[in-house]
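S.K.: sequence first, then the predicted structure, then my questions.
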Amino acid sequence: MRHMRLTDWQKLPVSLTELCIDTTLRCGQSFRWRKSEEGEWSCSLNGRVLSLRQDQECLHYRAIFPAAAESLGAANTPLTPPPSVASTSFEPVLQDDEGTTALVKHYFNLAPNLTDLYEQWSSADANFKKKAPKFTGVRILRQDAWEALVGFICSSNNNIARISQMVEKLCIHYGPYLGDFDSKPYYDFPAPQALTGKEVEQHLRELGFGYRAKYLYQTALMVAGKEDDWLDNLRNPESPLLGQLAKSAGDMPEGGREGYRKAHEELLALQGVGPKVADCVCLMGLGWGEAVPVDTHVWQIAQRDYKFGKGKHSSLTKATYDAVGNKFRSLWGKEAGWAHSVLFTADLRAFSERLVAKIEVKEEFQDVKAELEGAAAEVETVVKSESAEQKRVKREFQEERSIVKIEEVVVKKRGGRQPGKRRRKA
DNA sequence: GGGGACCCTCGCGG
DNA sequence: ACCGCGAGGGTCC
């Protein structure tokens, strides 16, 4: 076991409309972030564990580093030396923190002004204008392309909870061990080479990956067999790797820029990568803002709000897929994929933060109950008038309820008042 | 280009 | 209580 070293909290001024990590880290972009009971988000990233909190004004962050970075991957890791010795053998704290600051700014893609972009998309599209206000601060992350590729190969015909578990298993079984913190082991994301062993496919099947086991193994083989920078060479030059210089990527035709189309096409050659997964990797891993992944959710949005689903585009064929992307690109422009993610998030069932936000403001359990009764009445009327939406609304409501229950537990733990009746046997 | 099959897990309705 | 069924950020053949 190797202990890890914790840096001090640092902060970056960011408003919640420019970045909301509670939304952004849960909306199915990355499947690795976890939120602790204390409300702290964490994820292993670039050889460290990054932790985050956010308040009205700032994003607060700190990192946990392996105690001896130079011995990473060594078979026989030496025991951690005593602190007096240890402090001299590491990089200086200042340097670590500098690196973490740059990583945070880079990973969260903080350069574009999201408020301005929302403004543009709203003036171009009444539907966006209607839906977006409850989902501000949804920002496309600049994830590692390989990690995005793996995550989205796992995503096919799957749900976010299971995808997250699968990705975690990959890190635990194949990722580099970073060290222990609070007597828990941490692992980074595995490189392609780590998944090329002959036994990998069978092992992943045993771990519950299903048919995606083969996709991951085959894709790892293919990527590992190419040049090391193959994937990163498909990046948008306007969105380069950390520390590299940005270059223009040209004007954008309806079908997207040349570099985007090239990247998309190359990715399609990989196992388990179809048009949707390729677009996810282009958008979230390679910095192509015009990539619009069309999945079942987006397809439903396109039918419900953008007049698809009839005539030539009655089913989601490849031609329809492209038409939906083109429609959104012509509507929202070069960052169409960013706008698409806002609407996608607004449609995600897992999102019930409207209620939770109210609870936090009120802080009173009785008020929450009143809120719930009111919500219940609302739901009933909706159900009566819109039978097509009946199931969806009901389920959404039930999920909101379950979140409220979690909040109740928190209130109780804090020594708040008891709920009284309605106690269930555990 | 359409339509199954595909791994697995969970929630729902009978 | 048990079971069949469909859906979950699709892709392959």
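M.R.: Good, I have the coordinates. Residues are numbered from 1 along each chain as shown, chains lettered A, B, ... in the order given.
S.K.: show the subsequent helix or strand relative to whichever strand or helix holds A:Gly99.
M.R.: Assessed by DSSP states H and E, A:Gly99 sits inside helix A:93-107. Downstream of helix A:93-107, the first helix or strand assigned by DSSP H and E is helix A:114-124.
S.K.: distance-wise, check the residue nearest to A:Lys11 when sequence neighbours are not counted relative to DNA strand C.
M.R.: The shortest distance from A:Lys11 to any non-neighbouring residue, by Cβ to Cβ, 6 or more residues apart in numbering, is to A:Cys58 (4.2 Å). In short, each C-beta sits where N, CA and C put it, glycine included. From A:Cys58 over to DNA strand C the distance is 26 Å, taken as Cβ to the nearest atom of the strand, to the nearest Å.
S.K.: I'd say A:Cys58 and A:Ser15 touch.
M.R.: No - the pair A:Cys58 / A:Ser15 is not scored as a contact, 9.2 Å apart, by Cβ atoms under 8 Å.
S.K.: check contacts around the residue nearest to A:Lys11.
M.R.: A:Lys11, A:Leu12, A:Pro13, A:Val14 (Cβ atoms under 8 Å, 6 or more residues apart in numbering).
S.K.: let's see 10 Å
M.R.: Neighbouring residues of A:Cys58 by Cβ atoms under 10 Å, 6 or more residues apart in numbering: A:Trp9, A:Gln10, A:Lys11, A:Leu12, A:Pro13, A:Val14, A:Ser15.
S.K.: do A:Asp55 as well
M.R.: So A:Asp55 contacts A:Lys11, A:Val14, A:Leu16 (Cβ under 10 Å, 6+ apart).
S.K.: surely the first one is in a strand?
M.R.: Right, the one you point to is A:Lys11. Yes - the assignment for A:Lys11 by DSSP: H, G, I helix; E, B strand; the rest coil puts it in a strand.
S.K.: wait, what's in contact with it?
M.R.: Neighbour list for A:Lys11: A:Arg53, A:Gln54, A:Asp55, A:Glu57, A:Cys58, A:Leu59, A:His60, A:Tyr61, A:Arg62, A:Thr101 [criterion: Cβ under 10 Å, 6+ apart].
S.K.: same check on the last one?
M.R.: The neighbourhood of A:Leu16, defined by Cβ under 10 Å, 6+ apart, consists of A:Asp22, A:Thr23, A:Gln54, A:Asp55, A:Gln56, A:Glu57, A:Leu59, A:Thr136, A:Gly137.
S.K.: could you rerun that using 7 Å?
M.R.: By Cβ atoms under 7 Å, 6 or more residues apart in numbering, the contact set of A:Leu16 is A:Gln56, A:Thr136, A:Gly137.
S.K.: measure the first one to A:Arg261 for me?
M.R.: Spelled out, it's A:Gln56. 41 Å (Cβ to Cβ, to the nearest Å).
S.K.: higher neighbour count, these two?
M.R.: A:Arg261 (16 against 7; other Cβ atoms under 10 Å).
S.K.: for the more buried one, give me the pLDDT.
M.R.: The per-residue pLDDT reported for A:Arg261 equals 98.
S.K.: where's it, which helix or strand?
M.R.: A:Arg261 belongs to helix A:258-268 when assigned by DSSP H and E.
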